[in-house]
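**Q** Structure for this input, please:
(2 chains, ligands or ions: 2)
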Amino acid sequence: MRPTEVFAPAEPPADGQSARKNQLAVTLRVNGESVALQIDPRTTLLDCLRETMRLTGTKKGCDHGQCGACTVHVNGRRVNSCLTFAVMHQGDDITTIEGLGRPGSLHPVQAAFLEHDAYQCGYCTPGQIMSAAALLEEPCGATDADVKEAMSGNICRCGAYPNIVSAIQDVRSER
Amino acid sequence: MTVSPAGSSVPRIEGPLKVSGIATYTSDFNFPGLLYAVPVCATIGSGTIAGLDTSVAGSMPGVQAVYHRANIGRIYRSAPDEGLGTHLDERRPPFEDDVIRYYGQYVAAAVADTYEQAIAAANAVKVTYDAKEPDVRDQLEPEGQPNLDGERGDPDAAFDSAPVKIDQTYSTPVETHNPIELHASVAVWDGQDFTLYETTQGVVNHRDVAAEMLGVPKERVRVISRFLGSGFGGKLFPWPHSFIAAAAARDLNRPVKLVVSRDMMFQNVGHRPRTQQRIRLGAGSDGKLVALMHDSLNHTSILDDYQENCSEATPYSYSTPNFRATSGLARRNVGTPTSMRGPGAVPGLYALESAMDELAIALGIDPVELRLRNEPNKDEGLDLPFSSRHLVECLAVGAKRFGWSGRDPRVGSMRKNGLILGWGVAGCSWIAERFAAQVAVDLRDDGSARVATATQDIGTGTYTVLANVVSEKTGIPANKIEVVLGDTNLPPGPISGGSMVTASVIPAVSQAIESAQQRILMAAIETEGTPFYGLEADALAFSGGIVHRKNEGPERGMAFEKILAKAKARSTSGLGKAEATFGSEDRKFSQHSFGAQFAEVTWQPEIARLRVSRVVTVIDAGRIINPKPARNQIEGSVVMGVGMALLEATEYDARFGAPINNNLADYMVATNADAPQIEVTFLDYPDRVLNDMGARGVGEIGLAGIAAAITAAVYHATGVRVRNLPVRLEELLA
Ligand code: FES
Ligand code: FES
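**A** Ligands and ions are numbered 1, 2, ... in the order given. Here you go, the predicted model:
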């Protein structure tokens, strides 16, 4: 049998409404604003932010909770947004990098990352910054080793770790 | 931002965009009507497709198409080219035939309205296979006769009669680049032209390859990569997913986004191949080398011949009258390997520098001293003088900063806070070359400048370094310099590979500035109302942005923007072009960067805990344009080197050929807690053979030698010599 003979042609979609079928209603509070959405229950919070709400500052590096690039704050705590579904966050307060600070009004952690060159490619950076901003409120010890441990859920393949630690310690020393 | 002459440490100009999530990476692009493509990957490592049933997938909600060999349309091969021109490593277009040659090879792709729908459809494609047993063995044997890469003297005879010999084989595993940004393509087709947003370290090459493979003229393809979430070589050349996205966009007449998943990144977008290297060193009892042989093998894929070139740095590293290097390939059922940070030299120097450490121990000579005794006074491989080589000073400065004189060479003899310390050293080196580059510089009537070239910033700091260079050469503050990169509409720039972008663009920038300034001088003499009207252009000079008479100082001159305003011109634009040195046969110097790596490990045998605690790196890379990103590059390389030495290896399942640790929990890269204390020193010897500023590049050299320094330190702490990376705790406990 020649393999080509078993290739079945792709069927056209049944109708143009498919994207709206099987969706659930959810209201998220993102960066202080309430947003009512109709969303596929399979959509992760990460994909909801990036693809539906076009808040692309939050990054995808693994989709498995292994890299930290997708870190956002949910009700003030850092969360890997790839590991949770958007529909699970009805009424939750979500902060992304866009809500933390903008050029001209940077959050102290953002300003410290800039000052300390705590990145190279910048791709892990929104996640690093969201983790670091949450860490400021966590019971983290004072030493560099404590910070390194608490920041080890955020991989930086560029290896900007020394500068990430000094940026965070700089902010902590001023509080 | 303040004025930033080259040489000062200033924040990156693109930094505010990166820390606020505004910087736009490939998968951040979104367009009206965007569709999502998800590939279907083969679940065997060798065999053929027996059946492919898309009937269920094709009728699922939101699905627009399911592509495979029979319906993707024609994707051509890109014909071979010289050197790195029009290059890709995996030459077979996606879906070209029904033969499966590696686990994960794309066999189909589902395209749907949403990402969730596309994943569901891809999972619903039913593929059956006639499977064969894949060959993914670690042990490598050469296919046919090895290549002779270099030879001098009579190495066999000299080795045989040498009083002291080392003959050992070292291997390095498959390493996966794993940039945190996933590879991605967003393809837009407007009925005539493609605009491809790509995760690429080379927009121009990607454009050239894509045009040939899609069968359209070059000017019908524009490739954009404004920000890249790093690549480490994995994004140098195009991979098959890009052509799936482009072909789908053309067929459906809708924009298509395809993001490669993390598990696919272990099979579909290249890796550093496994290497196996036999090193033979023969020396006199004085430690002088009399013979050096480096025979290396690397695995490659079934269809492509990827050469790792492990002995690249070997011919010029040390002085020896008798030398030979050979190389060979072993074919395996794996995806095609590609360049990974410091290709060739990084695995090669792990082997060579490890052997040098073993020789030092066999001779009872300090390993720093052994290297000094074998320092060459020219490149004995090319028989050319070095443009600038300061390895001896790197070793001396490093030894001092590290405290090497306090070393007790006896195994396990040194302790600190109850931990056993191990100290190791290695040399490192990397090529210093230039690719061809064109750069446009516009000087504008508001006193600002714009510099544009189709190279890209992959995280190494190219945006900032270009601003620094233009600032130094024009006197315009860096905050008034706009840098535009990552777009094939700009003058063609180099790939971001080989640590060559900085060195490559400098001569073109100089030329572009000269020509833009020359046009301002012409405007000055031809425009009524300037103090220079009617003079000869020869009588004028440009200093720090001021036009003035040569026989007067700039304080009596006129700012260039005023001249432009008087001439009613918005700007003058100059184009600079510089030739490549890379691949050139006609050379008068051997051009390389050098460095020394000193590593300290701590070892707790009671709980089998091995840590890299401290690294001192000294780098001789010419003039450093901006120390901030440069230091960051070296520190990042050292961090990656910790991973290379202790953590990283892609493991294949012998039954299916699957990379089984295909995720960031099982393929470990160094985390923040793994990073040692790192001290970086740059020597400052501008290499003016390479360009007028004497700058080389620093993206790769920091990863060379580090694994050898760490394994030497591990030997010093434990007495176990690890010749098969990475260091595994079980070996230390044996
Ligand atoms: S993308 Fe969520 S942890 Fe990696
Ligand atoms: S800056 Fe590139 S991964 Fe962290």
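**Q** looking at this, B:R280 is in a strand?
**A** Yes. Under DSSP: H, G, I helix; E, B strand; the rest coil, B:R280 sits within a strand.
**Q** What about the residue nearest to B:G544 when sequence neighbours are not counted, how many residues nearby?
**A** Distances taken as CB to CB, 6 or more residues apart in numbering or on different chains put B:G475 closest to B:G544, at 3.1 Å, once the chain neighbours are dropped. Backbone N, C-alpha and C define where each C-beta goes, glycine included. Here the number of neighbours of B:G475 (other CB atoms under 10 Å in any protein chain shown) works out to 17.
**Q** list the contacts for B:G475?
**A** Shown in contact with B:G475 (CB atoms under 8 Å, 6 or more residues apart in numbering or on different chains): B:S543, B:G544, B:G545, B:I546.
**Q** Of those, which pair is most distant in space?
**A** For the contacts of B:G475, the farthest-apart pair by CB to CB is B:S543 and B:G545; their separation is 7.8 Å.
**Q** what about the two, which has more around it?
**A** Ranked by neighbour count (other CB under 10 Å), B:S543 and B:G545 place B:G545 first, with 20 against 12.
**Q** So the more buried one versus chain A, what's the distance?
**A** Taking CB to the nearest CB, to the nearest Å as the measure, B:G545 falls 27 Å from chain A.
**Q** about what we covered before: got the contacts of B:G475 as JSON lines, with pLDDT, secondary structure and distance to ligand 1 columns?
**A** Formatted as JSON lines, the contacts of B:G475 follow (pLDDT from 0 to 100; DSSP: H, G, I helix; E, B strand; the rest coil; distance: CB to the nearest ligand atom, whole Å):
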{"residue": "B:S543", "pLDDT": "92", "secondary structure": "strand", "distance to ligand 1": "52"}
{"residue": "B:G544", "pLDDT": "91", "secondary structure": "coil", "distance to ligand 1": "48"}
{"residue": "B:G545", "pLDDT": "93", "secondary structure": "coil", "distance to ligand 1": "46"}
{"residue": "B:I546", "pLDDT": "95", "secondary structure": "strand", "distance to ligand 1": "52"}
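**Q** Between the residues you listed, which sits nearest chain A?
**A** When the contacts of B:G475 are compared for distance to chain A (CB to the nearest CB), B:G545 wins out at 26.5 Å.
**Q** Quick check, that closest one in contact with B:E472.
**A** No. Counting by CB atoms under 8 Å, B:G545 sits too far from B:E472 to count as a contact (11.8 Å).
**Q** Run through who's touching the helix or strand where B:V469 lies.
**A** B:V469 belongs to helix B:462-474 when elements are defined using DSSP states H and E. With contact meaning CB under 8 Å, 6+ apart, helix B:462-474 is reached by B:3-7, B:10, B:12-14, B:441, B:443, B:449, B:451, B:453, B:455-457, B:476-478, B:481, B:483, B:485, B:496, B:501-502, B:505-506, B:509-510, B:513, B:517, B:544-545, B:625-626, B:629, B:693.
**Q** just checking, next helix/strand downstream of it?
**A** As assigned by DSSP H and E, the chain's next helix or strand after helix B:462-474 is strand B:481-484.
**Q** The helix or strand following that next one - contacts with which helices or strands?
**A** For strand B:481-484, the following helix or strand on the C-terminal side (DSSP H and E) is helix B:501-526. On a contact count with 3 or more CB pairs under 8 Å, 6 or more residues apart in numbering or on different chains; DSSP states H and E, helix B:501-526 meets strand B:437-444, helix B:462-474, strand B:540-543, strand B:546-549, helix B:560-566, strand B:571-578.
**Q** need the contact list for B:L84.
**A** B:N205, B:I495, B:G497, B:F582, B:G583.
**Q** where along the stretch 151-300 of chain B do the strands fall?
**A** Per DSSP state E, counting those that start in this stretch, the stretch 151-300 of chain B carries strands over the ranges B:164-172, B:184-189, B:194-198, B:221-224, B:256-259, B:275-283, B:289-300.
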